[in-house]
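Asks: coordinates only, sequence not included:
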């Protein structure tokens, strides 16, 4: 038996001043971070490093297109991944303070 579940489409993002510029920075910044990571692999990463760079360039182009031309459908990656990282950093800081005091 084959079951297919459809998710409801996310609502459009609300427009606000400066959204296009910040979306473009967010869209291109993350793939640039991937390229920076790939350039620090040992021996330039060989085939894997080249694949990461090519994939990052493709992702940057598609994300930049969505950020500029379909801005209502672009959702910020920094906001999505930044919240859990900040929570983990805060938890680590609290644990460090608890061990220093106790």
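Replies: Thanks, I have it. Here the structure is a predicted model, which is why all the values come from computation and not from measurement.
Asks: which SS class is residue 13?
Replies: coil (DSSP: H, G, I helix; E, B strand; the rest coil).
Asks: can you pull the contacts of the nearest residue to it once chain neighbours are set aside?
Replies: Excluding the flanking residues, the one nearest residue 13 by C-beta to C-beta, 6 or more residues apart in numbering is residue 72, at 5.6 Å. The way it works is simple: take the backbone N, C-alpha and C, and place the C-beta from them, glycine included. Going by C-beta atoms under 8 Å, 6 or more residues apart in numbering, residue 72 touches 12-13, 15.
Asks: contacting residues around the residue nearest to the spatial centre of the chain?
Replies: Taking C-alpha atoms, centre = their mean, the centroid of the chain lies closest to residue 77, which sits 3.7 Å from it. Shown in contact with residue 77 (C-beta under 8 Å, 6+ apart): 26-27, 30.
Asks: For it, what are phi and psi?
Replies: phi -70, psi -40 (degrees, to the nearest 10).
Asks: ok, now how distant is it from residue 95?
Replies: According to C-beta to C-beta, to the nearest Å, residue 77 and residue 95 sit 27 Å apart.
Asks: Ok, residue 79 next?
Replies: Distance from residue 79 to residue 95, by C-beta to C-beta: 25 Å.
Asks: from the contacts of residue 77, which is closest to residue 1?
Replies: residue 30 (39.3 Å; C-beta to C-beta).
Asks: Can you tell me the element that closest one falls in?
Replies: helix 19-39 (DSSP states H and E).
Asks: same for the helix or strand just after that helix, what does it pack against?
Replies: Toward the C-terminus, helix 19-39 is succeeded by helix 46-69 as the next helix or strand (DSSP H and E). Judged by 3 or more C-beta pairs under 8 Å, 6 or more residues apart in numbering; DSSP states H and E, the packing partners of helix 46-69 are helix 19-39.
Asks: what's the angle from the helix it packs on to helix 46-69?
Replies: Counting by axes from the mean of the first three to the mean of the last three C-alpha atoms, to 10 degrees, helix 19-39 lies at 180 degrees to helix 46-69.
Asks: what comes up buried for helix 19-39?
Replies: By 16 or more other C-beta atoms under 10 Å, the buried positions in helix 19-39 come out as 19, 23-24, 26-28, 30-31, 34-35, 38.
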